[in-house]
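In: quick check, what structure comes out for this input:
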Amino acid sequence: MSETPEQMDIPFAAGAPPKIAPPVETPVPQADAPPPAVPADPAVSAIGPLRQLVDRNFLQYASYVIRDRAIPDLTDGLKPVQRRILYSLHEKDDGKFIKVANIVGYCMQYHPHGDASITDALVGLANKSYLIEGQGNFGNLLTGDGAAAPRYIECRLTELARTQLFNDDLTKFVSSYDGRNREPVALPAKLPLLLMLGTEGIAVGLATRILPHNFAELLEAQIAILNREPFRLLPDFPQGGVMDASEYAKGKGRVRVRAVIEKKDATTLVIREIPFGTTTDSVMASIEDAARRKKVRIRTINDFTSEKIEIAITLDPEEDADKAIQTLYAFTSCEVPISSNIIVIRNRRPVEMDVDEIIKHCTQQLVALLKKELQLERQRVLDEIHAKTLVQLFVEHRIYKDIEQCQTQPDVVKAVLDGVNKYRDQLRRDVTKDDVDMLLEVRIRRISLFDINKNRKDIEDLLIALDRVEKDLGGMVPYAVRYLKNLQKKYAPLYPRRTRIERFEQVEVRELTASELCIRYDRATGYLGHAVDGDAQFECSSLDRVMLVWNDGRYQMLPPPDKMFVDKNLLYCGRFDRDRVMTAVYEAGGVSYIKRFSFGGTIMNRDYSCTLPEAKLLFFSDETPPELYVRYEPAKGQRIHQQVFVPEEVMVKNVKARGNQLTVKVINFIGIHKPRGWKDDEAVRGKLMNA
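Out: Predicted coordinates for the structure are as follows:
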């Protein structure tokens with residue numbers, strides 16, 4: 001197992017091995033390599049040795065955490081603690097359940113980090129159900145309940161793990177951390193465990209998150225690779241749910257997963273499945289929080305989960321059920337984004353890969369392992385044929401009679417060798433000392449009852465088996481396809497897909513909450529907000545921004561306030577829209593100006609001005625009125641007392657622009673409606689002058 005699949009002679013139909021992404025920038029040295037030299041720094045010459053010590057130790061620590069704790073190995077898809085747990089179960093496996101506490105204690109001879117980490121990892125593997133079968137309370141993935149104490153629960157390897165993960169003849173062993181035992185470098189796993197199980201890990205300077213995939217679909221992908229056919233793999237989560245994988249990008253993007261919510265009746269919703277990474281408690285807590293923030297109106301929420309999820313939500317009679325479902329997706333854990341970032345250890349270095357590269361590597365490794373197993377099987381059959389042929393010659397030609405007169409052990413060995421070598425042409429290889437020892441251990445009773453015909457039949461059966469092995473070795477790809485199809489037929493029905501794949505549109509949160517808040521203004525007290533008793537101004541979402549404009553031209557953009565003092569000089573409040581065209585008339589220095597503008601980019605909670613200094617707003621609107629009616633204060637010699645202006649004639653400019661000059665007369669009234677006493681026959685069409 002020390003060589004990689006690329007270094008093996010594999011008749012692999014899927015073409016060249018996958019291209020591996022370059023390693024992350026953080027260098028990870030070999031465990032047995034000397035620490036890198038730290039260049040001397042004149043600025044810290046006084047503490048140079050200490051700095052070198054810290055740098056060296058930190059690099060060793062970072063390397064250890066990345067390679068030997070947090071990041072899974074590409075070869076078998078396991079972290080060290082998982083590998084040690086499975087190997088401990090393999091060593092103790094007798095088909096019966098074993099106390100988890102016993103396995104944890106036994107595993108500690110390989111794993112130096114204490115019983116808690118071993119117990120947590122074992123329970124996690126058992127809950128994934130592929131490799132470890134549990135008996136007792138192993139907790140609940142759906143509710144988040146923890147497992148019972150290790151002394152109360154039992155476990156054993158599943159048949160899938162027992163047959164697909166272990167082969168001591170193909171396993172490379174190294175000394176354990178204390179040198180007293182030997183543990184496997186990697187298990188000869190014929191399953192794509194990295195994608196089956198999924199995993200998460202945080203190391204020094206990098207992190208990995210690999211989402212779990214469906215067992216049957218992984219086998220289908222491997223068959224497609226061997227047959228040079230296209231394939232696509234998508235995650236599958238034990239909690240079920242509905243998944244949008246349009247942004248998955250072969251494991252380098254993300255998926256969005258939603259709970260399955262049924263509408264039982266007009267006022268009752270039932271959650272049947274929840275997203276990956278959540279529990280019934282966390283989902284209920286998020287719903288209760290949304291209700292407190294008045295995102296959704298509910299009366300009660302109850303958890304009836306046992307073996308299956310059932311969270312019943314009773315809505316307020318005035319709440320629309322369909323809208324409530326969309327609100328739950330928008331504001332609670334009923335919809336969660338799940339990112340994927342695949343970092344694995346390959347050839348003792350961290351590398352970034354995608355799902356397709358991993359499954360291709362696993363398929364290559366499967367073919368390599370199957371080839372090695374066939375080679376071992378061929379050697380076993382050849383050895384058995386050789387042994388049966390030797391025994392037949394030894395008995396049939398009475399070679400055992402030649403040792404009756406021998407006085408010493410060397411003479412006995414020579415007599416047997418001389419006797420069987422007379423028939424060397426019937427043997428497949430030379431006779432060795434071990435062969436002689438085997439013949440000398442044949443008992444007299446076996447010689448007297450030796451059945452030559454049965455022995456010949458056994459040899460014929462072994463020759464047939466040898467031909468079959470040779471044929472399989474000559475066509476590794478068809479053999480691997482048959483192997484995968486047999487696995488699929490036997491185990492795929494046990495692991496159906498749980499997460500449905502759909503493409504759903506993004507919930508428009510602003511549309512759902514467009515009328516969430518009602519902003520009110522109490523002019524008598526000067527308070528504004530959705531918790532204020534006063535005149536209703538407008539409805540908005542908590543995601544909206546509110547624009548306030550005072551009569552001195554000052555304006556400010558801010559989130560919808562609960563209750564805020566804005567004084568009694570507030571002239572305008574409305575939803576902020578940076579591109580909406582505003583119309584304003586203000587007086588400054590004895591001259592009145594009119595301007596049309598949009599606010600554009602604005603920093604929240606910061607004061608700005610839309611007029612000249614020391615100005616006074618006479619008119620402000622978030623629309624462009626068709627006409628403005630203006631009446632002036634009477635003055636000596638004044639011939640025009642009222643005018644009509646058309647704001648559309650004013651060009652839209654920046655908020656800082658001065659605007660067009662409207663008049664130098666003192667304005668008594670300005671508005672979009674004719675004031676009382678307006679005389680149409682005296683109205684004069686106003687001409688706007690450039691400022």
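In: which SS state does residue 631 fall under?
Out: Following DSSP: H, G, I helix; E, B strand; the rest coil, the label given to residue 631 is strand.
In: that one contacts residue 668, doesn't it?
Out: Yes - counting by Cβ atoms under 8 Å, residue 631 touches residue 668, with 5.0 Å between them. Backbone N, C-alpha and C define where each C-beta goes, glycine included.
In: so which of these two has more stuff around it?
Out: Set residue 631 next to residue 668 and count neighbours by other Cβ atoms under 10 Å: residue 631 wins out with 20 against 13.
In: who's in contact with the more buried one?
Out: Contacts for residue 631 (Cβ atoms under 8 Å, 6 or more residues apart in numbering) come out as 641-642, 667-670, 675, 678.
In: rerun at 10 Å
Out: Taking Cβ atoms under 10 Å, 6 or more residues apart in numbering, we find residue 631 in contact with 641-643, 665, 667-671, 674-675, 677-679, 683.
In: again with residue 635
Out: 641, 665-666.
In: for PyMOL, write a command that selects the buried ones of those.
Out: Of the contacts of residue 635, the buried ones go into a single PyMOL selection, burial set by 16 or more other Cβ atoms under 10 Å:
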select buried, resi 641+665
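In: report the lowest-confidence entry in the contacts of residue 635.
Out: Lowest pLDDT among the contacts of residue 635: residue 641, with 88.
In: which one is that residue nearest to, not counting chain neighbours?
Out: Excluding its sequence neighbours, the residue lying closest to residue 641 (Cβ to Cβ, 6 or more residues apart in numbering) is residue 632, at 5.6 Å.
In: ok, what's across the strand from the one you found?
Out: residue 667 (DSSP bridges).
In: give me the number of residues near it?
Out: With other Cβ under 10 Å as criterion, residue 632 counts 18.
In: any figure for the gap between it and residue 650?
Out: Distance of residue 632 to residue 650, given as Cβ to Cβ, to the nearest Å: 20 Å.
In: next, give phi and psi for residue 593.
Out: Backbone torsions for residue 593, taken as degrees, to the nearest 10, come to phi -120, psi 150.
In: just give me the neighbour total for it.
Out: 25.
In: equivalent analysis for residue 682, please.
Out: Residue 682 has 10 neighbouring residues, counting by other Cβ under 10 Å.
In: what pLDDT does it get?
Out: 79.
In: can you name the residues that contact residue 415?
Out: With Cβ under 10 Å, 6+ apart, residue 415 has these contacts: 399-406, 436.
In: which of the helices or strands spans it?
Out: Here residue 415, judged by DSSP states H and E, is contained in helix 409-421.
In: that older thread, for the contacts of residue 415, give me a markdown table that also has distance to residue 182.
Out: Shown next, in a markdown table, are the contacts of residue 415 (distance: Cβ to Cβ, whole Å):
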| residue | distance to residue 182 |
| --- | --- |
| 399 | 41 |
| 400 | 41 |
| 401 | 46 |
| 402 | 44 |
| 403 | 41 |
| 404 | 46 |
| 405 | 47 |
| 406 | 42 |
| 436 | 32 |
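In: thought residue 479 was touching residue 369?
Out: No - judged on Cβ atoms under 10 Å, residue 479 makes no contact with residue 369 at a distance of 11.8 Å.
In: tell me, how many residues neighbour the closest residue to residue 469 other than its chain neighbours?
Out: In space, and not counting its chain neighbours, residue 469 is closest to residue 378: 4.7 Å by Cβ to Cβ, 6+ apart. Neighbour count for residue 378, taken as other Cβ under 10 Å: 17.
In: in a strand, residue 378, correct?
Out: No - with three-state DSSP as the criterion, residue 378 is helix rather than part of a strand.
In: so what's it up against?
Out: Going by Cβ under 10 Å, 6+ apart, residue 378 touches 465-466, 468-470, 472-473.
In: please enumerate the shared neighbours of residue 631 and residue 668.
Out: Shared contacts of residue 631 and residue 668, defined by Cβ under 10 Å, 6+ apart, comprise 641-642, 675.
In: okay, domains of this protein per the record?
Out: With automatic domain parsing as the criterion, the domains of the chain are listed as 5-228+342-363, 254-339, 374-474, 509-690.
In: state the mean pLDDT of the longest one.
Out: The one in question is domain 5-228+342-363. Domain 5-228+342-363 comes out at a mean pLDDT of 82.
In: how far does it sit from its chain's centre?
Out: Its chain's average C-alpha position is 17 Å from that of domain 5-228+342-363, according to Cα atoms, centre = their mean, to the nearest Å.
In: element containing residue 90, please.
Out: helix 80-92.
In: tell me which other helices or strands that helix touches.
Out: Packing partners of helix 80-92 (3 or more Cβ pairs under 10 Å, 6 or more residues apart in numbering; DSSP states H and E): strand 98-99, helix 100-107, helix 115-128, strand 132-135, strand 154-157, helix 159-164, strand 182-184, helix 193-197.
In: need the ones you listed in CSV with distance to residue 253 and mean neighbour count, can you?
Out: Formatted as CSV, those follow (distance: least, Cβ to Cβ, whole Å; neighbours: other Cβ atoms under 10 Å):
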stretch, distance to residue 253, mean neighbour count
strand 98-99, 41, 17
helix 100-107, 36, 20
helix 115-128, 23, 19
strand 132-135, 31, 19
strand 154-157, 35, 21
helix 159-164, 30, 18
strand 182-184, 34, 17
helix 193-197, 16, 25
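In: in JSON lines: these, plus distance to residue 267.
Out: JSON lines is the format used below for the helices and strands packed on helix 80-92 (distance: least, Cβ to Cβ, whole Å):
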{"stretch": "strand 98-99", "distance to residue 267": "50"}
{"stretch": "helix 100-107", "distance to residue 267": "46"}
{"stretch": "helix 115-128", "distance to residue 267": "35"}
{"stretch": "strand 132-135", "distance to residue 267": "40"}
{"stretch": "strand 154-157", "distance to residue 267": "45"}
{"stretch": "helix 159-164", "distance to residue 267": "46"}
{"stretch": "strand 182-184", "distance to residue 267": "58"}
{"stretch": "helix 193-197", "distance to residue 267": "41"}
